[in-house]
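> Turn this into a structure:
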Amino acid sequence: MCGICGIVGVEEPREAESVVRRMMAALAHRGPDDEGFCFARPVALGMRRLSIIDLPGGGQPVWNEDQTLAVVYNGEIYNFRELRAMLEADGHRFRTRSDTEVIVHAYEAWGKDCVLHLRGMFAFAVLEMPGGPSAGAERIFLARDRMGIKPLYYAAKDGAFLFASEVRALLASGWLAAELSPAAVTSYLLFGSVGEPTTLVRGISSLPPGHRMVISVKSPRFEPEAYWEPFLAERRPARTMSNSAETAPKLVRALLSEAVEGHLIADVPLGIFLSSGIDSTALAALASRKHGGVHTITVVFPEQDYSEAELARQTARRLGTDHRELQLSGEDMLARLDEAVAAFDQPSMDGINSYFVSWAAQQAGLKVALSGLGGDELFGGYSTFRYAPRVESLADLGRWIPAPLRSLAAEGLRKTSRRQPDAAGKLAAAWNLPDALPHPYFFTRALFTPEGARALLQNAGPGWAATPWWAWLSEAARQANTFDTFARVSWLEMRSYMVNTLLRDTDAMSMSHSLEVRVPFLDHPLVEYVLALPASAKRGRGIPKALLVEALEDLLPREILAQRKRTFTFPWQNWLRGPLRERVASGLADWTPVLGEILDRKRVAAVWQDFLEGRTSWSRAWSLYVLNEWARKHLQGSGTSADAERRAAAPAK
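Okay, here's the model as predicted:
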């Protein structure tokens, strides 16, 4: 696990190294154990390493035999041993035991299609030097894993192309202006995070999940290319794997067990984030059968309605894990709030929970932790699996009703639904403006409705349909239409909320503690198989995640199965009215100038007041607070000393 970075288009070695080392310094938290650098005119690569596999021999960059290829890489390849045996049989020679070396030989063997052979989470860059390093570079190949578990960002300016594992590292290069992207602010207001492939900084983009890209040194044009398309019917695994009601649970168990076994490979201490939920309990049960001395970590709260302590303890005792708890109160949160918010690489309404559970894992001496992230998206654990089809039907009906009548009915719904005003507002928006978002599902995940977002914006700017994040969601919606209703929600969850919020936050928050988080539920053979199953195989018995429960029922404690569905969330509702109230109120009152040019301060203040008076949820006020704090720290025009330091460090151009 590492942080990687590089620049293409700088001929002077000292200048290229200076830029890359500034980015490497900004990535030090991702890899405190080692660093590596290489230069082959006009390309420079850098990396910071968190040593997980082959501790003494896994340094980077890693080269092929004749030093015509070099790789820097962030992630884990779980089938690296099988690939190594295959490549060695074809004559490739290995010098290390690391999974990194598999990538460079896989690229040597299969070119850009090497990604089709990789099973894991990854973001990497392969540098091609046909004449060796002294002769200079010819091309660089970038790739990101299918699900978007590991991030990779890039930008082009003044004839140079830069890439890095974090937006903050690109800003630290000194090559790019830290200017706000208004299009990204709109995405953030709508969904509480910035949608792929947009970032909050103008000119910086994300390489989307399941995409690869080739950059030629002679012609710096580039275009991301998708390499993973599980939605195509002719490539669905259901054609070769049985999907009957009898065999599906057995295959799910076999695939998940295989995924967990691969995710346990490490030369350092490893643990599991354990809640009282089915997903993390399933991972702990499977892991404890394959691996002795498994550690488990749970965050608990004084507020009993939110605490999962007792059920997690019972599970840990039953499985014989080495269990540790971190108790977190509102006062504890207040004491560490600034550092937690500062850990965001991009702002999000979520993520703070990942910061503290990662901190707990670090305190336990762990460098690797398994998470149950992905189980809800794949097996139907969210309420969106029930509500999204209803919202879709509501939007379809609304398209047949004249606009004035729709508007009148929507206003009546808002006024009469006082117990859940935010939920009613989303339903009203889906009915009144059914095409305001690329698919009705997105209304179920909206933070502010489209009308609410436009009200906050001083100037709505160009149409949302012209933005990259809209194109990404629209393509996801098009792909989802090839699935049945259940799988459609799964795919839309994975391509929006999961990748834009959950995975991005997990990466940033865990790596801020130099912790690698692995997600076995997102092992792509398991994902492909479950997506291809008919809805009838995944629904049943009147319980969420029925297929997963049936697959692992003998391993799951009865008390886990009997409890009502709960999500891992902090007591924000209580904390924002208590220990955090003054801090958040003060932050929202001190609005940064760069955001003040885009967002209406009076309406921002009204959101906070609406929360205090029970007219809206905590997430809206909190999301605006995080956005403001992130902008204050990272963007030009926000009056921070960090901006001045970054500009002073920039090379003359």
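> Kindly check the end-to-end length of stretch 574-588 for me.
Using Cα to Cα, to the nearest Å, the gap from the first to the last residue of stretch 574-588 comes to 18 Å.
> ugh, wrong one, I meant stretch 185-202
The stretch stretch 185-202 measures 11 Å between its terminal residues, going by Cα to Cα.
> for stretch 587-595, same thing?
End-to-end distance of stretch 587-595 (Cα to Cα): 13 Å.
> Buried ones in it, by neighbour count?
Residues of stretch 587-595 classed as buried by neighbour count (16 or more other Cβ atoms under 10 Å): Gly587, Leu588, Trp591, Thr592, Val594, Leu595. All C-beta spots, glycine's among them, are computed from the backbone N, C-alpha and C.
> any weak-confidence spans in this structure?
1, 220, 231-245, 303-307, 413-419, 460-462, 541, 562-569, 639-653 (pLDDT under 70).
> quick one on the thing from earlier: just the buried residues of stretch 587-595 now: which is nearest Trp400?
Nearest to Trp400, judged by Cβ to Cβ, of the buried residues of stretch 587-595 is Leu595 at 39.8 Å.
> close enough to count as contact, that closest one and Leu627?
Yes: counting by Cβ atoms under 8 Å, Leu595 does reach Leu627; the two are 7.0 Å apart.
> which residues do the two both contact?
Common neighbours of Leu595 and Leu627 are listed as Val185 (criterion: Cβ atoms under 8 Å, 6 or more residues apart in numbering).
> Distance check, Ile598 against Leu457.
In this view, Ile598 and Leu457 are 6 Å apart by Cβ to Cβ, to the nearest Å.
> How about the contacts made by the spatially closest residue to Tyr188 that is not a sequence neighbour?
Counting by Cβ to Cβ, 6 or more residues apart in numbering, Tyr188 lies nearest to Val194, which is 5.3 Å off, once chain neighbours are set aside. Taking Cβ under 8 Å, 6+ apart as the criterion, Val194 is in contact with Ala184, Ser187, Tyr188, Leu200, Gln346, Pro347, Trp469, Asn500.
> residues near the closest residue to the last one other than its chain neighbours, how many?
If I follow you right, that is Asn500. Leaving out its chain neighbours, the residue that sits closest to Asn500 by Cβ to Cβ, 6+ apart is Ser193, at 4.6 Å. Other residues near Ser193 come to 28 when the count uses other Cβ atoms under 10 Å.
> Surely Ser193 touches Phe344?
No: because the distance of 9.9 Å does not satisfy Cβ under 8 Å, Ser193 is recorded as not touching Phe344.
> where do the contact lists of the two overlap?
Between them, Ser193 and Phe344 share the contacting residues Asp505, judged by Cβ under 8 Å, 6+ apart.
> Contacts only, for the spatially most central residue of the chain.
Centroid-nearest residue in the chain: Leu503, 2.1 Å away (criterion: Cα atoms, centre = their mean). Under the criterion of Cβ under 8 Å, 6+ apart, the contact list for Leu503 reads Met147, Gly148, Ile149, Leu373, Val519.
> and with 6 Å instead?
Going by Cβ atoms under 6 Å, 6 or more residues apart in numbering, Leu503 touches Gly148, Ile149.
> Check Met498 too.
The contact partners of Met498, by Cβ under 6 Å, 6+ apart, come to Glu377.
> go again using 10 Å as the cut-off
Contacts for Met498 (Cβ atoms under 10 Å, 6 or more residues apart in numbering) come out as 147-149, 209, 373-374, 376-378, 490, 492, 504, 506, 519, 522.
> tell me which of these is nearest to Arg253?
Distance to Arg253 across these (Cβ to Cβ) is lowest for Leu378, with 13.8 Å.
> For the closest one, I want the exact helix or strand it lies within.
Here Leu378 sits within helix 375-379, counting by DSSP states H and E.
> hang on, the earlier thing: quick check: neighbours shared by Ile598 and Leu457?
A shared contact of Ile598 and Leu457, defined by Cβ under 10 Å, 6+ apart, is any residue touching both; here these are Pro182, Val185, Thr186, Leu189.
> Ramachandran angles for Arg212?
When quoted as degrees, to the nearest 10, the phi and psi of Arg212 stand at phi -140, psi 170.
> Is it in contact with Val115, as I believe?
Yes: with contacts counted by Cβ atoms under 10 Å, Arg212 reaches Val115, the gap being 5.8 Å.
> Between those two, tell me which one has more neighbours.
Neighbour tally, Arg212 and Val115, criterion other Cβ under 10 Å: the higher count belongs to Val115, 23 against 20.
> thought the more buried one was touching Leu207?
No: shown here, Val115 and Leu207 do not form a contact pair, counting by Cβ under 10 Å, at 11.9 Å.
> Mutual contacts of these two, please.
Residues within reach of Val115 and of Leu207 at once, by Cβ under 10 Å, 6+ apart, are Ala143, Arg144.
> Helices along the stretch 1-150 of the chain, start to end?
Along the stretch 1-150 of the chain, counting by DSSP state H, counting those that start in this stretch, helices occupy 13-26, 80-89, 100-110.
> same thing with the stretch 351-500 of the chain?
Using DSSP H, counting those that start in this stretch, the helices of the stretch 351-500 of the chain run over residues 352-363, 375-379, 384-398, 403-416, 421-432, 441-444, 450-456, 468-480, 485-493.
> ditto for the stretch 501-650 of the chain
Using DSSP H, counting those that start in this stretch, the helices assigned to the stretch 501-650 of the chain run over residues 504-511, 524-532, 535-538, 546-552, 558-562, 572-577, 581-589, 593-596, 601-612, 618-634, 641-649.
> so which of those helices gets nearest Leu176?
Distances from Leu176 to each of the helices of the stretch 501-650 of the chain were compared using Cβ to Cβ; the shortest belongs to helix 641-649, at 9.3 Å.
> neighbours of the residue nearest to Gly36 when sequence neighbours are not counted, just the number please.
If you skip the residues right next to it in sequence, Gly36 has Gln60 as its closest partner in space, 4.5 Å away by Cβ to Cβ, 6+ apart. By the other Cβ under 10 Å criterion, the neighbourhood of Gln60 contains 28 residues.
> What of Ser187?
Ser187 has 26 neighbours, counted by other Cβ under 10 Å.
> The one 10 residues further on too?
Pro197: 19 surrounding residues under other Cβ under 10 Å.
> Next up, the contacts around it.
Pro197 makes contact with 153-154, 204-209, 211, 224, 468-469, 471-472, according to Cβ under 10 Å, 6+ apart.
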